[in-house]
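Undergrad: Mind looking at a prediction? Sequence and model below.
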Amino acid sequence: MTGFELNGRKLVCGVMGDPVEHSVSPAMHNAAFRKLGLNYVYLPFRVSRDRLASAVEGIRALHMAGMNITIPHKVSIIPLLDEVDPLAQRIGAVNVVHNKDGRLTGGNTDAEGFLRLLKEQGIETHSLHAVVLGAGGASRAVCFALASLGSDITILNRTLQKARDCAEDMAKYTGRTFAALELNPDNLTKSLARADLLVNATSLGMAPHAGESPVNGKLLERRHIVVDIVYNPVVTRLLRDAEKAGARIIGGLNMLAWQGALSFEIWTGCRAPVDVMRRAAVQAMKRYAK
Ligand code: ATR
């Protein structure tokens, strides 16, 4: 079986979001299905906010195997599901749905995906001082992942209250306290002076604003490990500046591949070929860049 032969037993997965036309997930997942010879296909579905409930019902009605959920539906889908796993509840965002006999369960593979990425890169986290930029869904997933490993975390966000909410939620979960600050040059200077790991989980630097960075490059040093969640462009301004400073850099396609791999495993029960998925994502990004 080629995996792409169209037949009556094809199991359908996909991604629901708006926009989705530049998603690299279809390329990533279909490459993995093909590699393992699985009879699945993965499609992009553009779903507007006012049609989300109908689309979720469609997952049940059309017997789809599962769905990734992306902007702007990661939070608003929660009440439409039959069940949401405890981690996704704590994070407050769902990026994957599994359909088991018409019962839809929501999960979050961003957090575990981030952990797998750190492990793959051999990064020891329990004694790390981490600075996380942003307090949206992606940031909360990263923060909960780091908190579960015992890292010390400072969260900086443009909207201070959201950083405080994230820090409080993590304190409830871990019994430890976390610093929450407004994202501004002073606070960045102070926080980065004692940080080992910097994670950008804001959308700053994403195309078409690829020239922007949340951090002045002068604040970056050789001892920093800099992770950007943004994957378009593949190498962001932040990562370029970090590389110039001699820091170790990790681009957003790595985390994308890991969250995708974990979604794949939930749906298929098979171990995901993460390197195949990562390569397919890189190739898809190159095609978009043309
Ligand atoms: P996601 O699910 O990808 O995390 P999100 O929940 O919309 O998306 O969160 C986007 C994050 O990027 C937020 O932390 C947002 O800051 P606010 O909470 O203040 O909105 C941050 N962000 C987006 N644009 C930004 C900008 N121009 N400057 C600073 N932060 C920005």
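TA: Received, thanks. Because the structure is a prediction, the values reported are computed rather than measured. Numbering: from 1, shown residues only.

Undergrad: going forward, measure contacts and count neighbours with C-alpha atoms only.
TA: Fine.

Undergrad: for the nearest residue to residue 111 once chain neighbours are set aside, helix, strand, or coil?
TA: Leaving aside its sequence neighbours, residue 111 sits nearest to residue 141 (Cα to Cα, 6 or more residues apart in numbering; 4.5 Å). Under DSSP: H, G, I helix; E, B strand; the rest coil, residue 141 falls in the helix class.

Undergrad: Next, the contact list for residue 141, please.
TA: When contacts are counted by Cα atoms under 8 Å, 6 or more residues apart in numbering, residue 141 touches 91, 108, 110-111.

Undergrad: Pull the most distant pair out of these.
TA: Greatest spatial distance among the contacts of residue 141 (Cα to Cα): 91 and 110, at 9.8 Å.

Undergrad: Have a look at the two and say which one is more surrounded.
TA: residue 110 (30 against 26; other Cα atoms under 10 Å).

Undergrad: ok, the more buried one touching residue 95?
TA: Yes - if you go by Cα atoms under 8 Å, residue 110 and residue 95 touch, sitting 7.5 Å apart.

Undergrad: how about the residue of the stretch 151-290 of the chain found nearest the ligand, phi and psi?
TA: At 3.3 Å from the ligand, residue 202 is the closest residue in the stretch 151-290 of the chain, using Cα to the nearest ligand atom. Backbone geometry at residue 202, expressed as degrees, to the nearest 10, gives phi -90, psi 170.

Undergrad: pretty sure it is touching residue 139, no?
TA: Yes - using Cα under 8 Å, residue 202 makes contact with residue 139 at a distance of 7.4 Å.

Undergrad: so what sits against both of these two?
TA: Between them, residue 202 and residue 139 share the contacting residues residue 133, judged by Cα under 8 Å, 6+ apart.

Undergrad: thought residue 201 was touching residue 132?
TA: Yes - Residue 201 lies in contact with residue 132 (Cα under 8 Å); the separation is 6.8 Å.

Undergrad: shared neighbours of the two, anything?
TA: What both residue 201 and residue 132 touch, as defined by Cα under 8 Å, 6+ apart, is the set 139, 142.

Undergrad: The residue nearest to residue 48 when sequence neighbours are not counted and residue 117, how far apart?
TA: Nearest residue to residue 48, sequence neighbours excluded (Cα to Cα, 6+ apart): residue 18, at 6.1 Å. Counting by Cα to Cα, to the nearest Å, the gap from residue 18 to residue 117 is 27 Å.

Undergrad: circling back to that earlier point, and the residue nearest to residue 111, what pLDDT?
TA: We have a pLDDT of 96 for residue 141.

Undergrad: OK, contacts around residue 22?
TA: residue 288.

Undergrad: just residue 202 next, same as before
TA: 133-136, 139, 229-230.

Undergrad: which SS state does the closest residue in space to residue 110 that isn't next to it in sequence fall under?
TA: Among residues not flanking residue 110 along the chain, residue 259 sits closest, at 5.2 Å (Cα to Cα, 6+ apart). When classified by three-state DSSP, residue 259 comes out as helix.

Undergrad: okay, now residue 259: neighbour count?
TA: 25.

Undergrad: repeat for residue 119
TA: 12.

Undergrad: Give me the pLDDT for it.
TA: 94.

Undergrad: Would you list the phi and psi of it?
TA: phi -60, psi -50.

Undergrad: give me every residue that touches it.
TA: By Cα under 8 Å, 6+ apart, residue 119 has no neighbours at all.

Undergrad: Relative to residue 227, how far out is it?
TA: 14 Å.

Undergrad: same question, residue 164
TA: 22 Å.

Undergrad: Is stretch 18-35 in proximity to the ligand?
TA: No - Stretch 18-35 stays clear of the ligand (Cα under 6 Å from any ligand atom), getting no nearer than 12.6 Å.

Undergrad: Get me the contact residues on the protein for the ligand.
TA: 134-139, 157-159, 202-204.

Undergrad: repeat that for 5 Å
TA: For the chain, the residues in contact with the ligand (Cα under 5 Å from any ligand atom) are 134-138, 158-159, 202-203.
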